[in-house]
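J.: sequence and predicted structure below; questions after.
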Amino acid sequence: MKKSVTIFMITIMTIIAGCSHSNTIKSQEGQIEKSKEYLVTFDKQTDLKLIKQLKLKVIKKYKYFPIILASLNEKQYKQLKLSSEIRAIEPNKTLHSNSIDNKKNETKNINQNFQTTYRGKGVKIAILDSGIDINHSDLNIKDTISFIPNSSSSTDETGHGTHVAGIIGAQDNKIGITGISPDADLYGLKVLNNSNIGKNSSLLSAIEWSIDSDVDIIHMSFSSKKFSEAVSTAIKTAYKKNIVMVASAGNEGLYLKESITYPGAYDEVIAVGSIDSKNKRSMFSSVGKQLEIMALGEKVYSTEPNNKYGERDGTSMAAPYVTGVCALLKEKYNDISNKEIRNQLRKTAIPLGDKFLYGNGLINPDKLLN
């Protein structure tokens, strides 16, 4: 009797163990089949045959870049890795804004401290950000487009993009402030969501739109700490189209270690650092060999949603000053190349000290334009 009980118990344990083992396999299979979003950069051109062969689920195929946004499972990922036609496969990384909300109201720096007859007329500027409040009475926005997945709304919920837009091109209408290039054509391309966070895939779509729309300047006041082959490819393509690209250098601070964030760290992009009203580097402003030029980025007063105004700090606030000045130079010399604009910015800048901390120095619009 005892022997029968023992055999019965062993049988039960074997069945239980077998069930547990099959669940583990099922779980492992589930992991293998689970798909994630990746940006796949081809070496020369997008291989449609390879996509079909591997049965890839393509979310977006980009027009000007040999890149697709695809949902890949582990098997597909490994198969693509083995292909000689693939330059890079990377997760769809995140971006975030480069501003620091400033609640103090001690000093208002409007950033317009030079006289010029140029106003940015006829220059098209794409502001890649959190959207822009198109109903603000001090802004004249040509169009706004959302590149946020599953959202057609380009409303600016955080105020970041609206603040940036005011620095670049607030109207000369005796209301509030006047931007650096008030007659420029501004386009609000929403790539950051309502938490000021975005994806590289949205950035690629916005750059694609900018190329399609023949914009002169792409402005980017956001950052990522990681290099992206896909974004680098898109930016190189835009640069070859003679588009000027300006970005915030980042708010990572540091003195002895490089801290410039992307897209500012890409060679084709003008990375802008922040100084205070005394021309001293802001403690938060990123440093490094990619740093190109400095502008005011502390207590900057500009437009906010719902017809309001406010102050913000950050390299996000310094970069649009440079974008505005580039628009003035582009108006003066309509056929000037993006390379020559960068050369002139460097040549005319006012040296402030160590290039690692200050780049070529403070932007000097008076000398640049005159």
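T.: That came through, no problem.
J.: so the residue lying closest to residue 287 once chain neighbours are set aside versus residue 288, what's the distance?
T.: Sequence neighbours aside, residue 357 is the residue nearest to residue 287 in space, at 5.2 Å (criterion: CB to CB, 6 or more residues apart in numbering). In short, each C-beta sits where N, CA and C put it, glycine included. Per CB to CB, to the nearest Å, residue 357 is found 9 Å from residue 288.
J.: next: residue 170.
T.: To residue 288, residue 170 is 31 Å away according to CB to CB.
J.: quick one, which of the two is more surrounded?
T.: Higher neighbour count among residue 170 and residue 288: residue 170, with 27 against 22, using other CB atoms under 10 Å.
J.: which ones are touching that one?
T.: Going by CB atoms under 8 Å, 6 or more residues apart in numbering, residue 170 touches 138-139, 176-179, 182, 302-303.
J.: then residue 151?
T.: Residue 151 touches residue 193, counting by CB under 8 Å, 6+ apart.
J.: which element is it on?
T.: According to DSSP states H and E, residue 151 maps onto no helix or strand at all.
J.: mind checking pLDDT for it?
T.: Listed pLDDT for residue 151 reads 83.
J.: need the phi and psi values for it.
T.: Reported as degrees, to the nearest 10, the phi and psi values for residue 151 are phi -150, psi 120.
J.: what distance do you get for residue 63 to residue 80?
T.: Distance check for residue 63 against residue 80: by CB to CB, it reads 21 Å.
J.: pLDDT weak spots in the chain?
T.: 1-33, 100-114 (pLDDT under 70).
J.: which residue ranges make up the domains of it?
T.: 33-92, 95-369 (automatic domain parsing).
J.: kindly compare burial across those domains and name the winner.
T.: Highest mean neighbour count among the domains of the chain (mean count of other CB atoms under 10 Å): domain 95-369, with a mean of 21.
J.: start and end of that domain, how far apart?
T.: End-to-end distance of domain 95-369 (CA to CA, to the nearest Å): 34 Å.
J.: one more: stretch 182-196?
T.: 25 Å.
J.: also stretch 270-281?
T.: 17 Å.
J.: that stretch: how far from the chain's middle?
T.: Centroid displacement of stretch 270-281 relative to its chain, using CA atoms, centre = their mean, to the nearest Å, is 20 Å.
J.: stretch 245-261 too?
T.: Using CA atoms, centre = their mean, the offset of stretch 245-261 from its chain centre is 14 Å.
J.: which parts of the stretch 1-150 of the chain are strands?
T.: 36-42, 57-61, 67-72, 86-91, 94-97, 100-101, 124-129, 141-146 (DSSP state E, counting those that start in this stretch).
J.: would you list those in CSV and tack on distance to residue 233?
T.: Shown next, in CSV, are these (distance: least, CB to CB, whole Å):
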stretch, distance to residue 233
strand 36-42, 6
strand 57-61, 14
strand 67-72, 6
strand 86-91, 8
strand 94-97, 16
strand 100-101, 31
strand 124-129, 17
strand 141-146, 22
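J.: and these: which comes nearest residue 281?
T.: With respect to residue 281, and counting by CB to CB, the nearest of the strands of the stretch 1-150 of the chain is strand 100-101 at 14.9 Å.
J.: now do the helices in the stretch 1-150 of the chain.
T.: Assigned by DSSP state H, counting those that start in this stretch, the helices in the stretch 1-150 of the chain fall at 2-33, 48-53, 74-81.
J.: quick one: residue 340 from residue 333, how far?
T.: Note on residue 340: its distance to residue 333, by CB to CB, is 8 Å.
J.: identify the residues contacting residue 337.
T.: residue 242.
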